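Provided below for reference: sequence and predicted model.
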Amino acid sequence: MFQLPPLNSLRVLESAARNLSFSKAADELFVTKAAVSHQIKALEEYLGFQLFERKNRSIELTEAAELALPKLREGFNNLAEAVKLMQQHTQHDSVNVCMAPSFAAKWLVPKLHKFSGTHPDIDMKIIGDDTLISNRVDSGNLDEWFRGDDIDVVIRFGSGDYPGFVVDKLFDVSAVPLCSPNLLTRKENPLKTPDDLRHYTLLHDDTGYTGRPSWKKWLEMAGVKGIDAKRGLHFNHVSLVLGGAIDEQGIGLSMEPLAQYDIDAGRLCIPFDLKMPLESAYYIIRRERDVKNESVEAFVSWILAEANSSDTDGES
């Protein structure tokens with residue numbers, strides 16, 4: 001039987017080869033650069049040939065190392081999966097769900113007690129992450145993200161085009177103006193029609209994701225002229241927009257599902273019956289292997305049913 005080199009040296013090789021840097025491998029593995037160099041040198045002596053060509057300020061893979069890298073990555077991924085399966089067999093059922101913090105706080109978490117009530121045997125871990133999933137897809141490391149962060153389900157606002165994954169649409173989304181109900185009954189310039197927006201500060205969500213609502217497009221749809229769509233207060237997070245609207249700092253524009261919790265609580269209202277459908281939607285994304293996970297499927301079935309039963313337009 002072929003005798004493998006020390007597993008730790010192979011792990012160092014995989015990291016250094018993937019990063020094309022001993023320094024980055026050292027940071028990733030929480031060791032010194034000298035330790036990485038020592039492991040690589042020992043492995044080369046064990047194998048009897050070079051794995052890297054050392055340049056002045058860089059390293060390059062030899063042909064042998066380049067050929068081995070995909071299988072090494074596959075092997076360590078399989079080892080991680082094996083350990084996870086062993087842990088799942090002995091531990092309480094759990095589901096790790098990743099989504100934007102705003103969606104978690106404003107839509108999912110207020111409803112989550114319903115799932116816990118019907119599935120008390122399933123632990124939930126909610127992971128707030130603003131990282132754009134489209135960037136993960138473009139860089140080809142979406143599957144590694146699932147594995148590395150131990151994620152079972154991702155909920156994301158986007159195109160729904162995530163090749164190699166099981167994708168379900170949660171709901172379509174419309175953008176609506178949002179304000180404190182107090183602004184509708186103000187003595188001076190009460191908010192009655194879209195033209196009344198000229199008397200108020202516009203609150204903008206400048207979060208860096210494709211497909212976010214735009215005051216310019218909404219005003220054009222409403223046929224409102226003479227208002228500078230760029231003016232007002234600009235925020236880098238939708239939660240700040242909603243908070244500003246609640247505090248009567250102005251009129252926000254956001255996705256209706258994200259505001260529904262505050263609407264139901266009487267903190268926000270939709271002043272006009274003009275909703276702007278957005279091209280992107282919310283999707284549930286998971287790996288094919290997780291379709292066989294009963295706990296994951298229980299959560300997915302529940303959240304789809306919850307979305308379909310919502311009264312908010314755009315969530316059915």
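Perfect, I can see it now. Bear in mind the structure is a predicted one, so any value in this text is a computation, not a measurement. Numbers count the residues shown, from 1 in each chain.

Assumed T207 was part of a strand.
No - read with DSSP: H, G, I helix; E, B strand; the rest coil, T207 is coil and lies in no strand.

Surely it is in contact with H234?
No - in this structure T207 lies outside contact range of H234 using C-beta atoms under 8 Å: 10.5 Å. For glycine as for every other residue, the C-beta is placed from the backbone atoms N, C-alpha and C.

quick one, which of the two is more surrounded?
Neighbour totals were compared for T207 and H234, and T207 leads with 17 against 13 (other C-beta atoms under 10 Å).

Could you check how far that one is from P257?
Distance, T207 to P257, by C-beta to C-beta, to the nearest Å: 15 Å.

which residue sits closest to M276, ignoring its sequence neighbours?
Using C-beta to C-beta, 6 or more residues apart in numbering and skipping residues adjacent in sequence, the residue nearest M276 is A175, 4.5 Å away.

And L51, by the same measure?
Leaving aside its sequence neighbours, L51 sits nearest to A65 (C-beta to C-beta, 6+ apart; 4.3 Å).

name the helices or strands packed onto the host helix or strand of the one you found?
A65 is located in helix 63-90, with elements delineated by DSSP states H and E. When contacts are defined as 3 or more C-beta pairs under 8 Å, 6 or more residues apart in numbering; DSSP states H and E, helix 63-90 sits against helix 7-19, helix 142-148.

mind listing the strands for the stretch 51-200 of the chain?
Secondary structure of the stretch 51-200 of the chain, counting by DSSP state E, counting those that start in this stretch: strands at 52-54, 59-61, 94-99, 123-128, 153-158, 166-178.

and those strands as CSV, adding mean neighbour count?
Output for the strands of the stretch 51-200 of the chain, formatted as CSV (neighbours: other C-beta atoms under 10 Å):
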stretch, mean neighbour count
strand 52-54, 14
strand 59-61, 16
strand 94-99, 21
strand 123-128, 14
strand 153-158, 23
strand 166-178, 21
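
Can you check which of those gets nearest to Q249?
Evaluated over the strands of the stretch 51-200 of the chain, closeness to Q249 peaks at strand 166-178, with 11.7 Å, by C-beta to C-beta.
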